[in-house]
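S.K.: Predicted model follows, preceded by the sequence.
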Amino acid sequence: MHEISICYQIVETLEDVVKENHLEEVQKIVLEIGELANVVPMYMYECFPCAVEGTMFEKAELVIETVAGIGECKKCGNKYQLFPVEGICPLCGEKDFELISGREFNIKEIVAR
């Protein structure tokens, strides 16, 4: 489970943001995690309290927004969500696509004062 190390990296990044912006309190952290990012949101929720324990982020709420894995069929140009159809284009049946989204991993928002 590499999510714990990711949570610790997030804490380091947040510490830099807090210093640079002279923030006093972080109330909420919003992450964007793509369906294909090899990060399990449930594990992030489980690991986050451990990573923020004893830091100024201890009381911050973690919110995770999932970004759908979207592909564009190279044959017919159809854009579709990959997981429900296992990557197979629902229009033409091909499994040859260009990935449009789904690998994202971003700190999308920090709510602070």
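M.R.: Right, received. Where do you want to start?
S.K.: going forward, measure contacts and count neighbours with C-alpha atoms only.
M.R.: OK.
S.K.: could you pull out the strands for this protein?
M.R.: 26-34, 61-67, 70-73, 79-81, 97-101, 105-112 (DSSP state E).
S.K.: C-alpha coordinates for the last one, CSV please?
M.R.: To tie it back to what came earlier, the one meant is strand 105-112. The C-alpha coordinates for strand 105-112 follow below in CSV (Å, rounded to 0.1, in the frame of the first residue of the first chain):
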residue,chain,number,x,y,z
PHE,A,105,-3.5,13.0,-9.2
ASN,A,106,-3.7,16.6,-8.0
ILE,A,107,-4.2,18.7,-5.0
LYS,A,108,-7.2,20.5,-6.4
GLU,A,109,-8.1,22.8,-3.6
ILE,A,110,-6.9,23.9,-0.1
VAL,A,111,-9.4,25.6,2.0
ALA,A,112,-7.6,27.7,4.6
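S.K.: From the chain's centroid, how far away is that strand?
M.R.: The chain centroid and the centroid of strand 105-112 are separated by 10 Å under C-alpha atoms, centre = their mean, to the nearest Å.
S.K.: helices or strands up against it?
M.R.: strand 26-34 (3 or more C-alpha pairs under 8 Å, 6 or more residues apart in numbering; DSSP states H and E).
S.K.: quick one, what contacts residue 90?
M.R.: residue 80 (C-alpha atoms under 8 Å, 6 or more residues apart in numbering).
S.K.: quick thing: my sequence starts at 608, can you match it?
M.R.: Got it, first residue is 608 now, which makes that one residue 697.
S.K.: What does the pLDDT read for it?
M.R.: On pLDDT, residue 697 comes in at 97.
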